[in-house]
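S.K.: How does the following fold in three dimensions:
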Amino acid sequence: MRAALRGVVDPELGADIVELGMVNSVRVDGAGRVDVEVALTVAGCPLRTQIQSDVQSHVGAVDGVTSVGVTTGVMDEGQRKAVMARARRLAQDPAPETDIPDTARVIAIASGKGGVGKSSVTVNLAVALARRGLTVGVLDADIWGFSVPRLLGMQGEVEARDKKMVPLERRIGSGVLRVLSMGFLADEDSAIMWRGLILNRAVQQFLEDVHWGDLDYLLIDMPPGTGDIQMGLARMLPRTEVIVVTTPPVAAQKVAARTADMARKGYLRVAGVIENMSDFVCEHGTSYALFGSGGGARLAADVGVPLIGQIPLHPSVAAGGDAGQPVALEDGGPLVEAFDRIADAVVTSIAPLVAMEGCSARMLDHVEAAVRAGDTLAPTPR
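M.R.: Just a heads-up that it's a prediction; the model follows:
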């Protein structure tokens, strides 16, 4: 359970609540009920609701857990001093080599197999989020099968600044997309023949050696399946949350379930399911379940997460991707509405942004003041 709780990261301090000593107790009964007590620095901590939600999501994803209860208390003076000491140590340690803000919500868009439209879902969701005035990073982690540049109609060379890559940008209304893909670094027609360790290193560079700048969300277009990159991401970026994309057939649903299982074994939160290529509705209003129906709902029920949305099967999705103009850019229509509903769910319930004015921010002010005071009072070497 404590391993699962390490996935609950304080968005301001950038460390997990186990490392910070905020977990007072974890109790598990024989029926699978888990009760977690979390200590907050102040009684009115604005992050209380977010921390409770994240604890429930991460612990609830552990096999055998039937229900999760979260209680919060307030640290006593001794606990607060201990957290101050940990915060001081963390502040003095070298920061991780990543430019991904601690407040950015990181969402991996994953699938069990290829051909379910995962990349199309990624870019259209990114566009729908950016249309809300948000800054959205898109990391194409499908090193072998990169397609994001074509789907977004973007091309160009990746520039370097201070020995780090600078993502290419595309303005979407008042928002912006920042995109990085192997497609900007390699010929689209050339095969990438890399093995596991090199693939992982490439993704690590995309995470660490990039000037991502201020981000609200980072969407990671994962390669299909449950391979090296998926395992590496769980290790490199444990605060990642996973949305699983499937199609209606039972076969696709069963394969997608393995992706959710792998995410949870890596202690990543599975945030929800999106069903792509749902019913086709003709111009006369008749609905046809060309690939069957119910796969998304069945998968969501089996995994125990919400079905975030269903995207109708329509040729304009492929046409928009081929033209580099994602369908979510259009002014209206069923597809735009479907992606808008998914984006609404993401920002309101699945992965809402966290306000920075939290208890940890106030605590860090005191830590930094104490460190500065210590530096000022330190004796001058003779």
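
S.K.: Could you list the domains of this structure?
M.R.: 2-98+356-377, 105-350 (automatic domain parsing).

S.K.: in this structure, which residue is closest to the centre?
M.R.: In the chain, the residue lying closest to the centroid (CA atoms, centre = their mean) is Ile107, at 1.9 Å.

S.K.: separation between it and Pro315?
M.R.: Relative to Pro315, Ile107 is positioned 27 Å away (CB to CB, to the nearest Å). Quick note: C-beta positions are derived from backbone N, CA and C, even for glycine.

S.K.: So what touches the helix or strand that contains Asp322?
M.R.: Using DSSP states H and E, Asp322 falls within helix 315-323. With contact meaning CB atoms under 8 Å, 6 or more residues apart in numbering, helix 315-323 is reached by 117, 120, 123-124, 147, 150-151, 153, 311, 326-327, 329-330, 335.

S.K.: Separate out the buried members of those residues.
M.R.: Buried members of these, scored by 16 or more other CB atoms under 10 Å, are 117, 120, 123-124, 147, 150-151, 153, 311, 326-327, 329, 335.

S.K.: Please narrow those residues to those residing in strands.
M.R.: Ile311 (DSSP state E).

S.K.: which other residues reach the helix or strand harbouring the residue nearest to the centre of the chain?
M.R.: Assessed by DSSP H and E, Ile107 sits inside strand 105-110. Contacts to strand 105-110, defined as CB under 8 Å, 6+ apart, come from residues 100, 118, 121-122, 125, 141, 216-222, 224, 230, 233, 237, 239-245, 259, 263, 268, 271, 346, 351-353.

S.K.: how far out from the middle of the chain is that strand?
M.R.: Strand 105-110 sits 3 Å away from the centroid of its parent chain (CA atoms, centre = their mean, to the nearest Å).

S.K.: a strand runs through Gly309, doesn't it?
M.R.: Yes: secondary structure of Gly309 (DSSP: H, G, I helix; E, B strand; the rest coil): part of a strand.

S.K.: hmm, back to that, let me have the contacts of helix 315-323 in CSV, adding distance to Leu168 as columns.
M.R.: Shown next, in CSV, are the contacts of helix 315-323 (distance: CB to CB, whole Å):
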residue, distance to Leu168
Gly117, 23
Ser120, 19
Val123, 13
Asn124, 18
Ser147, 15
Arg150, 13
Leu151, 13
Gly153, 11
Ile311, 26
Pro326, 15
Val327, 21
Leu329, 17
Glu330, 23
Leu335, 25
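
S.K.: Can you tell me which of these is nearest Ser174?
M.R.: Taking CB to CB as the measure, Leu329 is the one of those closest to Ser174, at 13.9 Å.

S.K.: Without its sequence neighbours, what residue ends up closest to that closest one?
M.R.: Val127 (5.8 Å; CB to CB, 6 or more residues apart in numbering).
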